[in-house]
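Novice: Can you look at this prediction? I've put the sequence above it.
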Amino acid sequence: FGQVHLDEPVFKNITLNNQTAEDVNIQELVFTNPGFFSDYTSGVIASGESETISIGVLADGLGELTGLLSIINDSPDGNLSVTLEAMAIQHGILVLDPTEFTVTLTEGGSETLMFTITNEGDATFDFTIEGQLPETTDGEDVLTFDPSSGSVAGGESVEVTAILNAAGLDPGSYELGILVNTDSPETPSGSITINLTVEEEEIQSRMVTFLVNMEIMAQAGLFDPEIGDEVYVRGTFTDWGMETEALMHQNGDLVYESLIELHGETGERHEYKYFILAGDGRELPNNGWEGDHVGEEGSTNRILYLA
């Protein structure tokens, strides 16, 4: 019979051929081990005919199961004996470790989680893994797995890497899950709970003062506040636009100042230039922009790094 599972009957067929010239009476089937059985009781096999008998095994304990089947009959050759063997094993038994994670991430953050799928039974099982996400999430990439499917032999384990990605998740608390499905009737599935907290990303900000002396430009006749000329500081922090905070205000004589709140991590790089907007609409050199000679670090623009 090979491998069989506890409390699950398995059947095999035995074919009896009557090669004698007379009918043969099958009087009885006798089993030495009650774990083997048959519904067949008795019958007659005509000369030259055959009879197929179904033999079953039902194991109530683990390990090797052996027995002898005696087919009692009136054939001139006497009774027949058949050796019966089976190995009773457990279905695969799924065990997950750990069964719970508690994770805190900032918005857009990610974390690697490791867990183990173990088979504490005898028979190999196949598995697939899927993420269980709350209805408030619709991103398929919140949980990814490697491997996401496979097989585990009895007594063996497989280590799985899960990537938890909070991109697209609003700040708050979430209960997610990892569902492992198997083809083992003993343990068809198991789950791991993930208690996730997503925290609002802390955006660093600082006030930066920009100062520019317009005296040289005024002496060159390129800047005259009396006719409505204005000066702006424009850069990556204003998307190069003339936002309200980009307009600079006179801070004594021809010195202009602007105080702008800049957001970002320490060391973040920004480029910028000063720009004159002619109040009378006249055409200015370089369309009002500073010349490229003010560039730094290979750029044609001024450079600053957030501290």
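Specialist: Done, it's in.

Novice: so how far is residue 251 from residue 211?
Specialist: 7 Å (Cβ to Cβ, to the nearest Å). For every residue, glycine as well, the C-beta is placed using N, CA and C.

Novice: I misspoke; the intended subject was residue 109.
Specialist: From residue 109 to residue 251 the distance is 42 Å (Cβ to Cβ).

Novice: Residue 226 too?
Specialist: Relative to residue 251, residue 226 is positioned 17 Å away (Cβ to Cβ).

Novice: where in the chain is pLDDT low?
Specialist: Along the chain, segments meeting pLDDT under 70 span 135-140.

Novice: Once you drop chain neighbours, what's closest to residue 260?
Specialist: Spatial nearest neighbour of residue 260, excluding adjacent residues (Cβ to Cβ, 6 or more residues apart in numbering): residue 245 at 4.9 Å.

Novice: Could you verify my assumption that that neighbour touches residue 257?
Specialist: No - counting by Cβ atoms under 8 Å, residue 245 sits too far from residue 257 to count as a contact (11.7 Å).

Novice: Tell me if residue 216 really is in a helix.
Specialist: Yes - assessed with DSSP: H, G, I helix; E, B strand; the rest coil, residue 216 lies in a helix.

Novice: all numbers from here: first residue = 216
Specialist: Noted, 216 is the first residue going forward, which turns the last one into residue 431.

Novice: What lies in contact with stretch 321-331?
Specialist: Outside of stretch 321-331, the residues within contact range by Cβ atoms under 8 Å, 6 or more residues apart in numbering are 311-313, 316, 318, 320, 372-382, 384-386, 393, 407, 409, 413-417.

Novice: can you rerun that using 6 Å?
Specialist: 312, 316, 318, 372, 374-382, 414, 416 (Cβ atoms under 6 Å, 6 or more residues apart in numbering).

Novice: now stretch 364-377
Specialist: 328-334, 336-337, 339, 341, 343, 360-361.

Novice: Just the CA atoms of it, as CSV, please.
Specialist: Output in CSV follows, covering the C-alpha atoms of stretch 364-377 (Å, rounded to 0.1, in the frame of the first residue of the first chain):
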residue,chain,number,x,y,z
SER,A,364,5.0,29.6,-2.9
GLY,A,365,6.8,26.3,-2.6
SER,A,366,6.9,22.9,-0.9
VAL,A,367,8.1,21.8,2.6
ALA,A,368,9.0,18.1,3.2
GLY,A,369,8.3,16.5,6.6
GLY,A,370,10.6,17.7,9.3
GLU,A,371,11.9,20.6,7.1
SER,A,372,11.6,24.4,7.2
VAL,A,373,11.6,27.2,4.7
GLU,A,374,12.6,30.8,5.6
VAL,A,375,10.5,33.5,4.0
THR,A,376,11.4,37.2,3.5
ALA,A,377,8.5,39.6,3.6
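
Novice: Now the terminal residues of stretch 476-483, how far apart.
Specialist: By Cα to Cα, to the nearest Å, the extent of stretch 476-483 from end to end equals 14 Å.

Novice: Go through whatever helix or strand residue 422 lives in and flag the buried ones.
Specialist: Using DSSP states H and E, residue 422 maps to strand 420-428. For strand 420-428, the neighbour count (16 or more other Cβ atoms under 10 Å) marks 423, 425, 427 as buried.

Novice: Pick out whichever of those residues sits closest to residue 224.
Specialist: Of all these, residue 224 sits closest to residue 423, with 81.3 Å by Cβ to Cβ.
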